[in-house]
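Visitor: Below is the structure, and that's it, no one-letter string:
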């Protein structure tokens with residue numbers, strides 16, 4: 001995929017829930033993508049091949065643990081596969097628009113191997129909380145860094 005999905009972009013949703021993908025992200029999603037519920041009431045956009053790897057790991061997890069089963073059910077029942085149209089547009093299904101409280105103003109953010117779609121004000125609130133912690137951070141969150 002090259003550089004990965006980076007940055008913050010501000011497309012808009014139209015009346016039908018359609019959105020033009022950020023130009024920088026189009027190549028990464030050209031082969032298809034999956035939209036699914038993400039943590040923090042956002043929507044995760046997975047390139048089709050990344051989704052396949054992730055889905056395989058999730059499916060291999062315990063088939064008896066109620067928490068794992070609940071996660072699998074919520075994840076897979078709320079996932080939608082798409083191929084962007086010629087204009088680079090995708091449609092965010094009503095179920096996911098409701099989950100992430102999306103109106104017109106959205107933010108699409110890169111998270112390297114995936115991208116996320118947030119309601120603009122929800123994203124601004126989230127980042128306002130996280131930026132201070134990030135700036136002051138002195139410990140190790142990520143093993144090996």
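Guide: Arrived safely. All of these numbers come straight from a predicted model, not from anything done at the bench.
Visitor: what's the nearest residue to residue 8 if we skip its chain neighbours?
Guide: residue 109 (5.2 Å; CB to CB, 6 or more residues apart in numbering). Where you see a C-beta, it was placed from the backbone N, CA and C, and this is true even at glycine.
Visitor: for the helix or strand the one you found falls within, which positions count as buried?
Guide: If you go by DSSP states H and E, residue 109 is part of strand 106-111. Judged by neighbour count using 16 or more other CB atoms under 10 Å, the buried positions of strand 106-111 are 106-110.
Visitor: Between these, which sits nearest residue 72?
Guide: The shortest approach to residue 72 among the buried residues of strand 106-111 belongs to residue 109, at 25.3 Å (CB to CB).
Visitor: beta partners of that closest one?
Guide: residue 8, residue 116 (DSSP bridges).
Visitor: Against residue 103, how distant is it?
Guide: 17 Å (CB to CB, to the nearest Å).
Visitor: Check residue 132 too.
Guide: Look at residue 132 and residue 103: by CB to CB, they are 27 Å apart.
Visitor: Good, wrapping up.
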